[in-house]
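> Got a predicted model here, sequence first, then my questions.
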Amino acid sequence: MTQYLTLVQGMPKGVEDLLMKRTWEFAWDSRGKNSVSLDILHSPIYEGDKNILNLHDQNEVIELKWLKSLLAPHQERLLWIFFTHTLITRAAHSSPVVKPEAKINMFLQTWKPSYKKLLTHLK
C-alpha cells in the first residue's frame, strides 16, 4: 500500500526522514548505539541480514519510474501524462518567447518551467 500511495501521491522528504528515523530507533533500541550498520539492516535475508525496507532507495526508484512514464513515446503515454505536460507548459517562463502550442517537451526543447509555479510533485 505504501508503494502505491507513494507512486500516486509522492512521499514528502519530511515523511521519508521521519519513517527512516523511526526505523533506526526501532532497530537500534532508541539509544543511538548501533551494533549493526544500515547496509546490513537493508540487505536481503538470504545474505543473513534483516531485509528492512530502504525508503530512500524505494522512493528514488518510484520517482525514476514516474519520470520514465513522463518521457514515454507519444503513443505509449498514459492519460495523466497529457495533463502533466499541460501543467508544466502553463508554468513555463515567459522568456524565451515560445508559443504555447510549440511547447512540446521541456526536456527536448530550450524552454523551462518556473519552479515556483509548478505543483510540489512536479518539481
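Sure thing, it's come through.
> so the one residue sitting closest to the centre of the chain is in which element?
With distances taken as CA atoms, centre = their mean, Glu63 lies nearest the centre of the chain, 3.0 Å away. For Glu63, the host element (DSSP states H and E) is helix 55-70.
> Could I get the buried residue list for that helix?
Neighbour-count burial for helix 55-70 flags Leu55, Asn59, Ile62, Trp66, Leu70 (criterion: 16 or more other CB atoms under 10 Å). For the C-beta atoms, the positions are set from N, CA and C on the backbone; glycine is no exception.
> ok so, going back, list the contacts of the residue nearest to the centre of the chain.
By CB atoms under 8 Å, 6 or more residues apart in numbering, the residues touching Glu63 are Gly10.
> out of the buried residues of helix 55-70, who's nearest Ser95?
Each of the buried residues of helix 55-70 was scored against Ser95 by CB to CB, and Leu70 proved nearest at 24.1 Å.
> Nearest residue to the closest one in space, please, no chain neighbours.
Ile81 (5.9 Å; CB to CB, 6 or more residues apart in numbering).
> elements contacting the host helix or strand of the one you found?
Assigned by DSSP H and E, Ile81 belongs to helix 79-90. In terms of contacts (3 or more CB pairs under 8 Å, 6 or more residues apart in numbering; DSSP states H and E), helix 79-90 is packed against helix 55-70.
> Could you check how many residues crowd around Met11?
When neighbours are counted by other CB atoms under 10 Å, Met11 registers 19.
> ok, now His74?
Using other CB under 10 Å, His74 has 9 other residues around it.
> That one and Lys117, how far apart?
Look at His74 and Lys117: by CB to CB, to the nearest Å, they are 25 Å apart.
> ok, so of the buried residues of helix 55-70, who is nearest Lys21?
Closest to Lys21, out of all of the buried residues of helix 55-70 and judged by CB to CB, is Leu55, at 10.5 Å.
> Thanks again, I'm all set now.
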